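A.B. asks: pasted the sequence and its predicted model underneath.
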Amino acid sequence: MNWRRRQQHLRAALGARRPRVSRIRPGALPGTLAAADAGGPPVIDVMVFDHDRVEEDRVETIDAALAPLAPGAVTWINLDGLGDASVFARLGERLGLHPLALEDVLNVPQRPKVERFDKHMFLVMRTMRLEGSGTPPAASAAATIVDEQISAFFGGDWVVTIQERSDGDCFGPVREAIRKSRGRVREAGADYLVYLLVDSVVDAYFPVLDTLAERMQAIEEEALSSASSEATLLRLTRLRHDLIAVRRAVWPMREELTVLQREESPLILPETRVFLRDVYDHAVQALEIVETLRETAVSVMEVFLSVQNQRLNEVMKVLTVIATIFIPLTFIASIYGMNFKHLPELEWRWGYPAVLGLMLLTAGGMVGYFRWRGWW
Amino acid sequence: MNWRRRQQHLRAALGARRPRVSRIRPGALPGTLAAADAGGPPVIDVMVFDHDRVEEDRVETIDAALAPLAPGAVTWINLDGLGDASVFARLGERLGLHPLALEDVLNVPQRPKVERFDKHMFLVMRTMRLEGSGTPPAASAAATIVDEQISAFFGGDWVVTIQERSDGDCFGPVREAIRKSRGRVREAGADYLVYLLVDSVVDAYFPVLDTLAERMQAIEEEALSSASSEATLLRLTRLRHDLIAVRRAVWPMREELTVLQREESPLILPETRVFLRDVYDHAVQALEIVETLRETAVSVMEVFLSVQNQRLNEVMKVLTVIATIFIPLTFIASIYGMNFKHLPELEWRWGYPAVLGLMLLTAGGMVGYFRWRGWW
Amino acid sequence: MNWRRRQQHLRAALGARRPRVSRIRPGALPGTLAAADAGGPPVIDVMVFDHDRVEEDRVETIDAALAPLAPGAVTWINLDGLGDASVFARLGERLGLHPLALEDVLNVPQRPKVERFDKHMFLVMRTMRLEGSGTPPAASAAATIVDEQISAFFGGDWVVTIQERSDGDCFGPVREAIRKSRGRVREAGADYLVYLLVDSVVDAYFPVLDTLAERMQAIEEEALSSASSEATLLRLTRLRHDLIAVRRAVWPMREELTVLQREESPLILPETRVFLRDVYDHAVQALEIVETLRETAVSVMEVFLSVQNQRLNEVMKVLTVIATIFIPLTFIASIYGMNFKHLPELEWRWGYPAVLGLMLLTAGGMVGYFRWRGWW
Amino acid sequence: MNWRRRQQHLRAALGARRPRVSRIRPGALPGTLAAADAGGPPVIDVMVFDHDRVEEDRVETIDAALAPLAPGAVTWINLDGLGDASVFARLGERLGLHPLALEDVLNVPQRPKVERFDKHMFLVMRTMRLEGSGTPPAASAAATIVDEQISAFFGGDWVVTIQERSDGDCFGPVREAIRKSRGRVREAGADYLVYLLVDSVVDAYFPVLDTLAERMQAIEEEALSSASSEATLLRLTRLRHDLIAVRRAVWPMREELTVLQREESPLILPETRVFLRDVYDHAVQALEIVETLRETAVSVMEVFLSVQNQRLNEVMKVLTVIATIFIPLTFIASIYGMNFKHLPELEWRWGYPAVLGLMLLTAGGMVGYFRWRGWW
Amino acid sequence: MNWRRRQQHLRAALGARRPRVSRIRPGALPGTLAAADAGGPPVIDVMVFDHDRVEEDRVETIDAALAPLAPGAVTWINLDGLGDASVFARLGERLGLHPLALEDVLNVPQRPKVERFDKHMFLVMRTMRLEGSGTPPAASAAATIVDEQISAFFGGDWVVTIQERSDGDCFGPVREAIRKSRGRVREAGADYLVYLLVDSVVDAYFPVLDTLAERMQAIEEEALSSASSEATLLRLTRLRHDLIAVRRAVWPMREELTVLQREESPLILPETRVFLRDVYDHAVQALEIVETLRETAVSVMEVFLSVQNQRLNEVMKVLTVIATIFIPLTFIASIYGMNFKHLPELEWRWGYPAVLGLMLLTAGGMVGYFRWRGWW
């Protein structure tokens, strides 16, 4: 009845689902840096630490950020936001970063990958988180998945990470670990810090996958309940779109970790490789959960369609049974509604009750027959 | 009619089907051990044997368990349950196990894999069994598949196995073989014991697969019987979920066995490789049964839908035929129910029997026609 | 109407379709031989031949069978049936066969494979034949596919073949060729005999595939005829199960032949490799026919469903058209069945014929309209 | 209505679609040549050419064909038809061809492949052409695809080609090129001639693919027109069978060309390899067209089913709307057909016109409502 | 109602969708150049540049174009259109291009590929653009994808590009970059120019993909709206055809870039390889968007069918409910239309109102029941 309102509801549910096409400017020459549209200049945080000390600072310029860089300590520079191209141009100049790598930093989204240069390595990663989630149970259905590109450069004793979005951050635990000198982080070098950062990126997938698995279960239950409707189908479709998007992020992360683990660069120490193998296992696990959810989605779709079908069939069956019972009765009545002069039953004393009885018998017989055939 | 009760039934049938997402604690630093929630400290069983003797003991602490460890004999320490992290920390310390491996032991479920370290090797395996199975025929439908992670470390003359769940155990036959000195077990070293353990893990798949195959056949028969309903669909869906879960366990086991078989570690003697090839064959066989069952599930689904469809079609056909027969008859009756002054048939002496005869002829003709067309 | 009888028919048609799960005894220790349940001790046939002579004999014991084994001649021992484990234990002892290989011989079905040992090679193959086929056209639908494991060991001048089932045998032509010294068989060594044996195993697939292709065509024709019913669907389902089973046998045979062809064992002479390449081609061809049949099965399924659908649609259409024509007519009649005092048409002299004419016109108009729209 | 005639039509349309199972004679020993059933002895054409001269001849015997074979010139012997096994036996004897290769020549169809022997190479190819095509537009639907095995042996200065069917020939342009000394053919050796022959075989696919693409478009248009019927479905099914058959021929041709291109035989000169790479590209292109057509076939199937469905839905909708409009009207009429003594409306002067008006209003209201809901 | 007009509309929408089969002339000898049908002789543009100068010229003949070719500067010759074979023959002669490569230039479409010759390399690429797009939002649905083959030869200091169509050009930004000496282009050699050209070809995919993604979203919204119809299905089908076509172009481009990147030709300098890796990443990205869109297309199809189904079900449900309500009412009325002499209710004073009341109650009861069951 409320077709129009449902339409609006459905359109809203569809949301922004168009796959993000990389903002490569047609006609732009490769190697030319252009600032992304979003916001002001990036926020720059610097952390310098060695076995004995940790220094944290929020600075204004790249030059200030690079000032503490010195052998013996690890310097981690984190940039939040892609707002000001000149910052990245300066960064590239100071650290000798390849222009194409810097272009990949700014032209989001790029496919996760690892590239080896002479004096540094370059990583593109893709993290994910849920946004708009208030109280868990209700909100988990409303929360949307936000994916963000995280680029990282690292050399022997420095790491630069660049986050696409200035809000949100998945590196909190790493900072905490450095401050409190937890684990081996203060003993090890830049490569171990990189491992910790990659690990937090991959770990960030699991809460998202958990939410998707919850949604899948909720949709499956809904598909079986009497409340299933077009909206259920749409929620399922949206979930499948989300799964495609997540898979598109996780799959190249797995490839990237395979490459990183086997990379024979002197920048990655042998003892760090064991740890990278561990992150690789996590990425494979995330991928398997995605694949399992995708297979589940297909079978939930089938269940949905089958239940929809059965529900309609039930309606049609009962209605048709009712119609079928009354049609012969009406036929009997119409016989005795004929105006023949010579229609003996009409004259009978008990004609009317007899016909009513006949009708009852007919109806009862049909009901019995339908029941015996199992249609009712 | 009993929609609500069926709903409850169906929800119950769905059970706990959400894929288990690994309990990686977001924000925790890798390499930090945390006890799983479940239960008390693990039960520790020690078996020491060489060609001449077997000693079995249940001990309280890891140090007690490690006491008999000495060259010349094989020491097998089995821990049941993941309850107390300090036990595992102590174990790691004494045997020099890698922290990441210990973390994998505690953060279940991990993907089956094999990792080689300097002085020992580390295996993650996944076993399966049916639980809640009383008398076989009735219970096989009710029994749920329980999967459990079994981790193993082994060096030159020791093996440590860690079982996720403190109940159930698939190593009984191995223990018996050691006690009774069956086969080569007392002559061979730790690697042969590992082979026996892996073999029992893989062998445990076959009764589970057998039960799934039985269920599949029962569902196929049900799909063809008049009793097929939404519940059949649900049982099929649940079976498909189970098959996905089993496949997710068996597939990496196969990979793991490929790696183990080709591993050039001095910890695995050449004569043991032939045996590992044999377990590998069993894992491939299990995988093939799973794939065959998955393909069967798809065709059972098609049969189910087709039979459902045909059943409804049959109902609709018979009902429509009945309606179609009576509608023209009612039309004839209503003609002679018209009140025209000049309607000559009404005056006829044999008008009424003639019309009844016409009706009989019409009905008979239609039935005949329908039968000739094969619709009835 | 005869639901129950059809049920029985369908269940019978389903037959024994559960995938055979290997009879690995849970809890048994690997390397322990156990006789299969079936029948008495195996029948042992020995053939010894070189360029000049052929000796054939049926012996009672393994020792008698091994007696003629001598350099310079090829000895072929064929065992029919797996009845008595001690026979195989003795065989293994005398020829130095690996216990695991012997276990694979007895625990059928194993996956086809080839294994190389120090002094001999071990092959597991899977042959197939149709059973219960009387007169070809009628019986081809009734015949069931029987698959059988054939194991073979061979050394430099001996070949041992073990057939799972004591009935049936696909080695007749090979025996005939040896007796009549056809081709190179009497000049060549044990490896050429092995090639001939493998070739007969692979050749046995083609009559089976031919029968399956015939069945597929019969089902396709049936799906298009008016006789298509649930039984057609079941025959198709059964055929698909058969195809899955055949594929499961042929696929690893192909792998096995790849391995055998590349095996650098001195037991296989270079001139025999050309022949193995030829058998490999045959196995690939068999596999392609299976895949083609599988693709055909999917499209036959679609045709079946579409034809079923169209048939029902046709029924519904004609019936609904009939109903639609009579409903307005009955409406007209019921108008003149109203008892209004002032209903002028009832008084008209030609009222009745006029109404009958109106009815004819209406019916004719609707039929014409339906025909114009192409619905009838 | 004309079910039986349609049946016959459909069966005729299905034609001979059973996949050709290779005529391997069960029980025959490998290496034994047997003439195929078809026709008389093969027609033998010989062409000898070098830079200066071309000689063409049709000879009776193999020995006559081999007579002109001499170094310095290229001899091309073409045999049309597989009729007489002794001819091939003699050919094999004279040129030292491997018995298994000769067997592959006679036991058609074989899978396309390339085999290298000591002194010669052996190719199995599969060509295709349309047969029964008269005037292009009408006939393209009626023409059937005929596939034919073409085998070729070649050495340093001779090429032998054997065509399965004595009718038809795809080597006309090659002959013409030799006669008129077009391109490099008279300068180059036997390997260049082989390239030209393989090229004509692969080029022969394109007209066939073009016809299939035309048919696909015709079927797609038909699926959308009001003329779509079971026959459309069958044409589509037949086209899909044809595509499977074509793919089965083209796929191994591609493999074969990969092998040929990388073959390190001295029989293939380096400058010929560039040309083989070109034929390889054509084969890949043919394969891509086949795959595109297969994907198109799937989506045409979906369109067909959806259009069929929508057409029926439209019929049902209009018919049901008609029924729904007249049922309430008939109800109103039947109320005033009741015989109650005290039914005041019956006495009214304008009762009849009022009821007619009420009926018009009801019908109009329902039509309006249905239109507003967009059902009509 | 307007079946014929819709037919025409649909056929128009289908457009020219037959896959372009390469215009290989059956019967033509390889290596023979034949001018394509289209247009006059190609337009020839020459650009010569080194660090200091840029010269641009439009010339008439190939010889004039090749005149400025000299070491130390890069000469880029661009030919627009394939009209005159003699031009290409002359080009091949002057630059020593392989006849097969020239044939591939003229016989469009070829599969994208890279081929290495002694003194030059040969690339076949496929670009795409939208044509007929006026104002973006409205036109994006009408614009058709035009694909064009771009062939390129390059040596140490020259590049020749040949565009299939004389209209349109995707090299504008490259020309601009050379003129304004942007980036490294004037410093680097021919290989860097080739990189820039390949980069513009790959970048041209993204606007096309963006349009396809927009169309997909529009179709998805339409599929959910009440306006969805056969035309929606056709738009979706057409989009899927477009995606297949795009995939067929992008997939081999990716392969080609893999080869180019790993090619060990001295014509490609090591510093250019980094840039080729970057184009490769873009091609992979384009491919992933295509795959995502293809998966989306499948789920939009499912949504379309499900929504179509639900809409019809809704219609049928309401209509059937109406029929079911009136049938029992008509039955009641027909009872009191019977002409029995002794039918006491007919005599009652309040019989008529009582029966009307009974009808109201019955109708109300059924409506209530249907609402309770949730069918209305």
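C.D. replies: Great, that's in hand.

A.B. asks: and the residue in chain A positioned nearest to chain C, helix, strand or coil?
C.D. replies: Of all residues in chain A, residue A:337 sits closest to chain C, with a separation of 6.9 Å (CB to the nearest CB). For the C-beta atoms, the positions are set from N, CA and C on the backbone; glycine is no exception. Using DSSP: H, G, I helix; E, B strand; the rest coil, the structure places residue A:337 in coil.

A.B. asks: likewise residue A:52?
C.D. replies: Following three-state DSSP, residue A:52 is assigned to coil.

A.B. asks: and residue A:159, by the same measure?
C.D. replies: Per three-state DSSP, residue A:159 ends up strand.

A.B. asks: the closest residue to it other than its chain neighbours: which element?
C.D. replies: Leaving aside its sequence neighbours, residue A:159 sits nearest to residue A:76 (CB to CB, 6 or more residues apart in numbering or on different chains; 4.7 Å). Assigned by DSSP states H and E, residue A:76 belongs to strand A:74-80.

A.B. asks: likewise residue A:88?
C.D. replies: helix A:85-95.

A.B. asks: can I get the CA coordinates of the helix or strand just after that helix in CSV?
C.D. replies: Once the chain leaves helix A:85-95, the next helix or strand it forms, by DSSP H and E, is helix A:99-106. Taking Å, rounded to 0.1, in the frame of the first residue of the first chain, the C-alpha atoms of helix A:99-106 are listed here in CSV:
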residue,chain,number,x,y,z
PRO,A,99,57.4,10.5,-7.1
LEU,A,100,55.2,7.6,-8.3
ALA,A,101,55.0,6.3,-4.7
LEU,A,102,54.0,9.8,-3.5
GLU,A,103,51.4,9.9,-6.2
ASP,A,104,50.0,6.6,-4.9
VAL,A,105,49.8,8.1,-1.4
LEU,A,106,47.6,11.0,-2.7
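
A.B. asks: so what does helix A:99-106 touch, helix or strand wise?
C.D. replies: helix A:85-95, strand A:121-131, strand A:144-154, helix E:270-335 (3 or more CB pairs under 8 Å, 6 or more residues apart in numbering or on different chains; DSSP states H and E).

A.B. asks: and if we set it to 7 Å?
C.D. replies: Secondary-structure packing of helix A:99-106 (3 or more CB pairs under 7 Å, 6 or more residues apart in numbering or on different chains; DSSP states H and E): helix A:85-95, helix E:270-335.

A.B. asks: put together a markdown table for those, with mean pLDDT, distance to residue A:324 and mean neighbour count on each row.
C.D. replies: Formatted as a markdown table, the helices and strands packed on helix A:99-106 follow (pLDDT from 0 to 100; distance: least, CB to CB, whole Å; neighbours: other CB atoms under 10 Å in any protein chain shown):
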| stretch | mean pLDDT | distance to residue A:324 | mean neighbour count |
| --- | --- | --- | --- |
| helix A:85-95 | 90 | 76 | 17 |
| helix E:270-335 | 85 | 10 | 20 |
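
A.B. asks: will you turn these into TSV that also has distance to residue A:259?
C.D. replies: What follows is the helices and strands packed on helix A:99-106, written out as TSV (distance: least, CB to CB, whole Å):
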stretch	distance to residue A:259
helix A:85-95	22
helix E:270-335	13
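
A.B. asks: spatially central residue for chain A, please.
C.D. replies: residue A:242 (3.4 Å; CA atoms, centre = their mean).
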